[in-house]
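Chemist: Give the three-dimensional model of this entry:
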Amino acid sequence: MHTWLDVVAIAIAAVGALNWALVAAGRFDLVATITGNHFGETNVASRAIYGLVGLAGFMRWSGSSRSAPEPRLRYARLPFAGAGITA
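Modeler: Numbering: from 1, shown residues only. Reported below is the predicted structural model:
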């Protein structure tokens, strides 16, 4: 189950991924366009968006927004282990 912070981080990271895909595919910077800039230009709003994208990506990468710990693996002893069975 995701917390609201997880959902926001996923959405912001997706916007950042889409922006970089558009930059690579067609030299189109979605964030610059939304904030009224040309490709490669920045202003306070675009830098804030880029900062949020970076923070969201770091949160998703580091797992710091994970709401529940992952289950630990348990190793069961095989029924034939040590029973003298050889290959």
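Chemist: switch to C-alpha atoms for all contacts and neighbour counts from now on
Modeler: Noted.
Chemist: show me where the protein has strands.
Modeler: Applying DSSP state E to the chain gives no strands.
Chemist: Spatially central, which residue of it would that be?
Modeler: Arg60 (3.9 Å; Cα atoms, centre = their mean).
Chemist: how close does it sit to Gly36?
Modeler: Per Cα to Cα, to the nearest Å, Arg60 is found 28 Å from Gly36.
Chemist: could you say what helices and strands the lengthiest helix in the chain packs with?
Modeler: If you go by DSSP state H, the chain has its longest helix at helix 4-26. Judged by 3 or more Cα pairs under 8 Å, 6 or more residues apart in numbering; DSSP states H and E, the packing partners of helix 4-26 are helix 30-34, helix 44-62.
Chemist: Dump those to TSV, plus distance to Ala9 and mean pLDDT.
Modeler: Output for these, formatted as TSV (distance: least, Cα to Cα, whole Å; pLDDT from 0 to 100):
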stretch	distance to Ala9	mean pLDDT
helix 30-34	17	92
helix 44-62	5	89
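Chemist: how about those, which one is nearest Ile12?
Modeler: Ile12 sits nearest to helix 44-62 of all those, at 5.6 Å, using Cα to Cα.
Chemist: Of all the residues in the closest one, which ones are buried?
Modeler: For helix 44-62, a neighbour-count test (16 or more other Cα atoms under 10 Å) marks 46, 49-50, 52-54, 56-57, 59-60 as buried.
Chemist: now the helices and strands packed on helix 4-26 in TSV, with distance to Ala21?
Modeler: Supplementary listing: the helices and strands packed on helix 4-26 in TSV, determined by distance: least, Cα to Cα, whole Å:
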stretch	distance to Ala21
helix 30-34	10
helix 44-62	14
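Chemist: among these, which is nearest Leu22?
Modeler: With Cα to Cα as the yardstick, what comes closest out of the helices and strands packed on helix 4-26 is helix 30-34 (7.4 Å).
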